[in-house]
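A.B. asks: 3D model of this:
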Amino acid sequence: MVLVRGELGTGKTTLVRGACRALGVEDPVTSPTFTVGRLYAGPVEVAHLDLYRLGALADEEPGLLEDYLTPERIAFVEWPEAAEPGLGAVRARVVLEHRGGDHRSVSVTW
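C.D. replies: I've put the predicted structure just below:
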């Protein structure tokens with residue numbers, strides 16, 4: 001699981017799109033903001049979640065994320081704050097920040 005943080009417009013979905021391409025996903029990768037999540041097939045299954053519209057996972061349907069967060073998938077979670085600490089084993093944390101114009105800083109912790 002990779003948690004992806006950043007303000008609106010910092011490129012979270014663009015980062016996930018690039019990671020999906022590197023993992024062999026050929027389908028269009030779009031923001032799942034209005035659907036919570038999308039699944040992509042490839043050599044490795046990828047789940048892409050966007051929790052921006054969730055206040056707290058405790059307020060949602062139990063099991064909302066179960067279909068996405070499985071051991072055989074790589075999951076990228078945008079706006080993970082709504083579900084932490086209940087997301088499970090996090091392998092990386094990515095923080096994107098605006099640096100003016102089209103410039104961004106990217107911090108990754110393992």
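
A.B. asks: Let me know how buried residue 99 is, in neighbour terms.
C.D. replies: Burial of residue 99 is recorded as 11 neighbouring residues (other CB atoms under 10 Å). Yep, even glycine has a C-beta here, placed from its N, CA and C like the rest.

A.B. asks: Find the nearest non-adjacent residue to it, please.
C.D. replies: Leaving aside its chain neighbours, residue 99 sits nearest to residue 105 (5.4 Å; criterion: CB to CB, 6 or more residues apart in numbering).

A.B. asks: Hmm, the one you found is touching residue 97, no?
C.D. replies: Yes - assessed by CB atoms under 8 Å, residue 105 is found in contact with residue 97 at 4.7 Å.

A.B. asks: outside of the helix or strand that contains residue 48, which residues touch it?
C.D. replies: Secondary structure from DSSP states H and E places residue 48 in strand 45-50. Outside strand 45-50, the residues within contact range by CB atoms under 8 Å, 6 or more residues apart in numbering are 13, 16, 19-20, 23, 25, 29, 31-33, 36-40, 65, 68-70, 72-79.

A.B. asks: Buried only: go through these for me.
C.D. replies: Using 16 or more other CB atoms under 10 Å as the burial test, these include 13, 16, 19-20, 25, 29, 31-32, 36-40, 65, 68-69, 73-79 as buried.

A.B. asks: Need the pLDDT of the closest residue to residue 26 other than its chain neighbours.
C.D. replies: Closest residue to residue 26 apart from its sequence neighbours, by CB to CB, 6+ apart: residue 42 at 6.8 Å. For residue 42, the pLDDT comes out at 91.

A.B. asks: before we move on, what about residue 56?
C.D. replies: pLDDT, residue 56: 66.

A.B. asks: residues touching the spatially most central residue of the chain, list them.
C.D. replies: Per CA atoms, centre = their mean, the C-alpha nearest to the average position across the chain is that of residue 77, at 2.4 Å. Residue 77 sits next to 1, 2, 3, 4, 49, 50, 51, 83, 87 when contact means CB under 8 Å, 6+ apart.
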